[in-house]
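> Show me the folded form of this:
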Amino acid sequence: MTIAHLLRGGASLLPAVLLLWPASAVAADKLSGGDTAWILTATALVLFMTLPGLALFYAGLVRASSVLSVLMHCFAICCVASIIWLAIGYSLAFGDGGSWNAYIGGLDKAFLAGIGPDTLSGSIPETVFFAFQMTFAIITPALIVGAYPERVTFPAVLFFSAVWLVIVYAPVTHWVWGGGWLSEMGVRDFAGGIVVHVTAGVSALVFAKMLGGRRGFPDQVRPPHSPGMTMTGAAMLWVGWFGFNAGSALAADGNAGMALVVTHISAAAASLSWAAMEWLKFGKPSLIGIVTGTIAGLATITPASGFVGPVGALILGLLAGVICQWMTTLVKQTIKIDDSLDVFAVHGVGGALGTVLVSFLALSTFQGLGLAEGMTVGKQLGVQLIGIVAVAIWSAIASYVIILIARGLFGLRVPEEDEIEGLDITSHGERGYDL
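Numbering: from 1, shown residues only. Modelled structure (predicted):
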């Protein structure tokens with residue numbers, strides 16, 4: 001008798017069907033081909049954000065003599081992060097931590113143990129969820145590259161990125177998305193305002209402070225060598241961010257569609273408000289300025305993208321272009337920390353801004369999708385602030401310790417003559433341009 005005959009026999013035969021049918025076939029009934037196809041696509045889009053998007057965005061902002069070093073940093077971090085995510089990162093973030101589960105996952109999923117082609121995570125294969133989350137683990141330490149270009153040793157970059165991923169990124173991911181203590185409190189971070197942008201932004205500020213400024217900082221720093229390259233990278237980031245935010249719905253549904261729409265609106269609004277601020281202050285809007293505004297808008301909408309509507313996105317974008325630009329001046333000119341490519345001001349501040357304002361902009365008054373059951377604006381705001389502050393403190397302390405160890409093991413800063421000549425030739429034996 002076939003399965004089809006048993007099914008036609010009526011509900012009374014269902015237990016026999018379940019006994020005869022392999023477990024993988026039963027599980028396959030819950031698999032959504034549409035969701036799987038979308039998350040596979042989103043995974044490729046998020047990797048596209050780092051390679052080549054972020055790499056080109058950052059490379060255009062440095063001197064011509066260090067352009068290859070920035071590309072090398074981004075590419076090498078991608079490779080290192082991928083292996084660490086497979087070995088222990090994914091398991092620490094999304095595994096079962098037992099009695100420690102509020103703070104960290106266990107090692108039950110190390111090297112994808114027990115996870116096969118038929119293992120599901122919701123409506124998609126867990127291998128696809130693993131890969132999607134891996135691209136987040138890649139881009140987050142790569143964002144920090146913007147804090148230390150033109151003057152850092154390559155071994156220190158590799159060591160810091162690898163250890164930081166295990167000590168900072170994986171635990172924070174577990175706190176927010178893996179069932180940890182912030183998740184239990186009800187923190188809202190749809191696609192990484194806290195997990196990605198606050199961790200990277202704060203850590204970048206610490207790294208820049210400990211490393212020291214570039215030669216001539218703050219008044220005699222060379223301008224970006226290729227604004228066109230930076231614009232190309234920014235355009236790739238904009239496109240890739242659709243996978244970042246809309247993919248975080250983990251389904252091909254209306255929530256993903258709205259996340260895509262608000263992501264685009266926020267990026268456009270922030271680009272214009274940043275350019276307008278430059279126009280008012282300096283009389284000329286710059287290409288570097290408008291595309292930096294784009295990234296600020298994208299970072300700011302990230303935590304809120306699954307909870308707000310178009311009006312909320314417009315508000316977030318307009319605020320991001322103004323506030324993040326003001327923070328770039330504060331950090332470099334007032335505090336005098338050479339966060340060279342504005343990681344803290346754009347990503348850290350932008351991610352925190354969106355995380356805080358989702359408490360208000362999720363309301364239907366702003367076309368938002370509403371607060372969680374039992375939550376008020378005040379209560380949600382308190383939870384969001386706790387999440388930001390706790391993650392910022394942990395990121396700062398852990399990064400400080402990791403950088404101290406890196407300095408002791410490898411040295412943190414290249415010799416002055418290497419910095420003058422450029423890291424392309426002194427650290428990697430190549431030149432970006434034959435001039």
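> Now do the same contact list for the spatially most central residue of the chain.
For the chain, V196 is the residue whose C-alpha lies nearest the centre (C-alpha atoms, centre = their mean; 3.7 Å). Shown in contact with V196 (C-beta atoms under 8 Å, 6 or more residues apart in numbering): 136, 139-140, 143, 302, 347, 351. For glycine as for every other residue, the C-beta is placed from the backbone atoms N, C-alpha and C.
> can you check T140 too?
Going by C-beta under 8 Å, 6+ apart, the list of residues near T140 reads 165, 169, 192, 195-196, 199-200.
> Apply 6 Å and report the result again.
For T140, the contacting residues are 169, 196, 200, taking C-beta atoms under 6 Å, 6 or more residues apart in numbering as the criterion.
> And T232, how far from A55?
Using C-beta to C-beta, to the nearest Å, one gets 11 Å for the distance from T232 to A55.
> Quick check: pLDDT value at the closest residue to G297 other than its chain neighbours.
Residue nearest to G297 in three dimensions, not counting chain neighbours: A270, with 2.6 Å by C-beta to C-beta, 6 or more residues apart in numbering. Per-residue confidence for A270 comes out at a pLDDT of 98.
> Report all helices and strands that the helix or strand that contains A270 contacts.
Using DSSP states H and E, the secondary-structure element containing A270 is helix 254-282. Secondary structure elements in contact with helix 254-282, counted by 3 or more C-beta pairs under 6 Å, 6 or more residues apart in numbering; DSSP states H and E, are helix 227-246, helix 287-301, helix 310-329.
> nearest residue to D189 other than its sequence neighbours?
Nearest residue to D189, sequence neighbours excluded (C-beta to C-beta, 6+ apart): P303, at 4.6 Å.
> in terms of contact, does that neighbour touch V356 like I think?
No - under the contact definition of C-beta atoms under 6 Å, P303 does not touch V356, with a separation of 9.0 Å.
> still on that earlier bit, switch the helices and strands packed on helix 254-282 over to CSV; also include mean pLDDT, distance to V206 and mean neighbour count.
Rendered in CSV, the data for these read as follows (pLDDT from 0 to 100; distance: least, C-beta to C-beta, whole Å; neighbours: other C-beta atoms under 10 Å):
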stretch, mean pLDDT, distance to V206, mean neighbour count
helix 227-246, 98, 24, 22
helix 287-301, 98, 18, 28
helix 310-329, 98, 16, 22
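> okay, those in JSON lines with distance to G212 next?
Conversion of the helices and strands packed on helix 254-282 to JSON lines gives the following (distance: least, C-beta to C-beta, whole Å):
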{"stretch": "helix 227-246", "distance to G212": "24"}
{"stretch": "helix 287-301", "distance to G212": "23"}
{"stretch": "helix 310-329", "distance to G212": "19"}
